[in-house]
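> sequence first, predicted coordinates after that:
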Amino acid sequence: MPKIKVAVAGVGNCCASLVQGIAYYQQNGKTKQEEHLGLMNYNLGGFLPEDIEFVAAFDVDKRKVGLRFDQAIKAKPNCIWDLERNHLAKSKFKVGMGPVLDGVSAHMKEYPDHRTFLLSNEKPVDVENILKKSGAEVLLNYLPVGSEQATRRYAEACLKTGVSFINCMPAFIVSDSKWAKAFEEKRIPCVGDDIKAQVGATIVHRTLTKLFQDRGVKIDRTYQLNTGGNTDFLNMLNRDRLRSKKISKTEAVQSLLTEPLEEENIHIGPSDYVPWQNDNKVCYLRIEGRGFAGFPVNVELRLSVEDSPNSAGIAIDAVRCVRLARDRNIGGPLTSISAYGMKHPPRQIPDNEAKQLVEKFIQGTIVR
């Protein structure tokens with residue numbers, strides 16, 4: 001199959017995990033059937049993991065800007081687990097300086113260099129020109145939470161160049177009717193917003209919420225508390241940047257309830273930064289409810305995952321679904337993969353139903 005040419009905004013842990021994972025399946029997937037484990041779809045519509053080719057990247061950290069892409073994903077403050085286990089071929093391109101705008105929070109300067117961003121003083125590149133020259137078909141947006149203006153800048157670049165936009169962070173683009181209409185009118189498929197992990201806090205919370213609902217247990221209150229040690233959690237110590245993140249995570253759970261909980265009875269969001277956790281994310285989840293005759297039913301759960309590879313398991317399918325849509329001349333938000341893979345899609349759909357829709361989309365029996 002022809003390669004799927006992908007550009008990336010934000011060469012952080014999520015990007016590094018996706019690149020490493022694709023190399024892993026490329027080197028192991030054809031010889032060992034068990035190495036297909038960890039993927040929802042090894043073959044998606046004819047496209048394998050190794051059919052994804054990275055052709056351009058943007059970042060603002062001086063330790064990454066100007067480096068070859070394969071070198072940049074290993075630069076600090078990236079801290080993904082077991083980074084050296086796969087051989088990466090030398091990239092043919094270097095990381096360009098992206099537009100900064102609101103992409104870096106001021107409080108990050110207070111932390112040690114190996115933990116935070118070191119802003120480059122390079123002049124921002126012409127994003128549209130690089131997208132055109134690279135032949136990119138898809139742009140993955142991995143910018144930090146709170147980068148609302150910067151995300152819009154990349155979305156605009158996609159609209160101008162015909163590149164598909166996959167928005168992995170909680171700035172509302174694909175789920176915004178005006179942006180959705182713009183992508184629809186230009187026949188450019190897009191996916192978003194705010195990526196769910198493969199088996200992460202949001203999908204587990206949604207699953208338990210659906211279980212309570214389906215079994216007739218009334219949920220009275222719930223919380224989801226998360227800690228981690230990567231730059232994502234460090235960035236989110238600035239609570240002013242969390243508005244869209246909290247909306248995204250909270251609506252992902254509330255949307256499954258017949259009667260949404262009052263604001264005081266639901267708390268979902270990042271809780272604290274623990275440096276030694278690195279890319280490990282720990283979620284503490286509690287649901288309090290009432291079952292038969294009003295008797296209490298309470299669940300407490302602790303979930304520990306490597307945060308960035310967990311998101312890569314979704315991104316690899318989103319990229320291939322977008323390519324299928326481009327081949328079929330489908331534009332605008334892709335409802336099925338957005339509902340299945342994103343926390344704040346254009347339309348919330350229960351996960352089991354969304355999975356079936358994705359399968360039908362891959363088969364070509366539904367449009368989007």
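Looks like it came in fine.

> how close does the closest residue to Pro49 other than its chain neighbours get to Leu48?
What sits nearest to Pro49 in space, not counting adjacent residues and going by CB to CB, 6 or more residues apart in numbering, is Tyr25, at 4.0 Å. Backbone N, C-alpha and C define where each C-beta goes, glycine included. Look at Tyr25 and Leu48: by CB to CB, to the nearest Å, they are 8 Å apart.

> sorry, back to before: could you pull up phi and psi at the residue nearest to Pro49?
With angles defined as degrees, to the nearest 10, Tyr25 sits at phi -70, psi -30.

> so it sits right up against Ile52, yeah?
No. Counting by CB atoms under 8 Å, Tyr25 does not reach Ile52; the two are 9.8 Å apart.

> compare those two (neighbour count), which wins?
Between Tyr25 and Ile52, Ile52 has the larger neighbour count (other CB atoms under 10 Å), namely 23 against 20.

> anything in contact with each of Tyr25 and Leu48?
Residues touching both Tyr25 and Leu48 (CB atoms under 8 Å, 6 or more residues apart in numbering): Tyr42.

> tell me which residues touch Tyr25, please.
35-36, 39, 42, 48-50.

> could you measure from the residue in the chain sticking out farthest from the centre over to Val217?
Largest separation from the mean C-alpha position in the chain: Ala293, at 41.3 Å (CA atoms, centre = their mean). With the distance defined as CB to CB, Ala293 ends up 12 Å from Val217.

> same thing with Asn28?
With distances taken as CB to CB, Asn28 is found 43 Å from Val217.

> neighbouring contacts of the one helix or strand in the chain whose mean pLDDT sits lowest?
In the chain, no helix or strand scores lower on mean pLDDT, DSSP states H and E than strand 266-273, which sits at a mean of 89. With contacts defined as CB under 8 Å, 6+ apart, strand 266-273 is touched by 205, 221-229, 233-234, 236-237, 242, 245-246, 249-250, 253-254.

> report the buried members of the residues you listed.
Buried subset of those (neighbour count, 16 or more other CB atoms under 10 Å): 205, 222-229, 233-234, 236-237, 242, 245, 249-250, 253-254.

> show me what counts as buried in the longest helix anywhere in the chain.
Across the chain, the longest stretch assigned as helix under DSSP state H is helix 307-327. By 16+ other CB under 10 Å, the buried positions in helix 307-327 come out as 307-326.

> need the CA coordinates for it. CSV is fine.
Output of helix 307-327 as CSV, limited to C-alpha atoms (Å, rounded to 0.1, in the frame of the first residue of the first chain):
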residue,chain,number,x,y,z
ASP,A,307,0.7,7.2,29.6
SER,A,308,2.1,7.9,26.2
PRO,A,309,2.1,4.4,24.6
ASN,A,310,-1.5,4.1,25.9
SER,A,311,-2.5,7.0,23.6
ALA,A,312,-0.4,5.7,20.7
GLY,A,313,-2.7,2.6,20.5
ILE,A,314,-5.5,4.9,19.5
ALA,A,315,-3.5,7.3,17.3
ILE,A,316,-2.3,4.5,15.0
ASP,A,317,-5.9,3.6,14.1
ALA,A,318,-7.0,7.3,13.8
VAL,A,319,-4.2,7.9,11.2
ARG,A,320,-5.3,4.9,9.1
CYS,A,321,-9.0,5.8,9.3
VAL,A,322,-8.2,9.3,8.0
ARG,A,323,-6.3,7.8,5.1
LEU,A,324,-9.3,5.6,4.2
ALA,A,325,-11.5,8.7,4.3
ARG,A,326,-9.1,10.6,2.0
ASP,A,327,-9.1,7.7,-0.4
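
> where does the protein dip in pLDDT?
Applying pLDDT under 70 to the chain flags the ranges 29-35, 82-86.

> picking up where we left off before, what distance do you get for the residue nearest to Pro49 to Met169?
Distance from Tyr25 to Met169, by CB to CB: 25 Å.

> for His87, same thing?
30 Å.

> higher neighbour count, those two?
Comparing His87 with Met169 by other CB under 10 Å, the one with more neighbours is Met169, at 26 against 9.

> distance of that one relative to Asp126?
Taking CB to CB, one finds Met169 at 23 Å from Asp126.

> over to Val358?
35 Å.

> of the two, give the one with the bigger neighbour count.
Using other CB under 10 Å as the criterion, Val358 and Asp126 rank with Val358 on top: 25 against 12.

> mind listing the helices for the protein?
13-28, 69-72, 127-134, 148-161, 177-185, 201-214, 231-235, 243-254, 307-327, 335-341, 351-363.

> would you turn these into CSV with distance to Tyr273?
Below are those laid out as CSV (distance: least, CB to CB, whole Å):
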stretch, distance to Tyr273
helix 13-28, 14
helix 69-72, 23
helix 127-134, 30
helix 148-161, 21
helix 177-185, 31
helix 201-214, 16
helix 231-235, 4
helix 243-254, 14
helix 307-327, 12
helix 335-341, 26
helix 351-363, 29
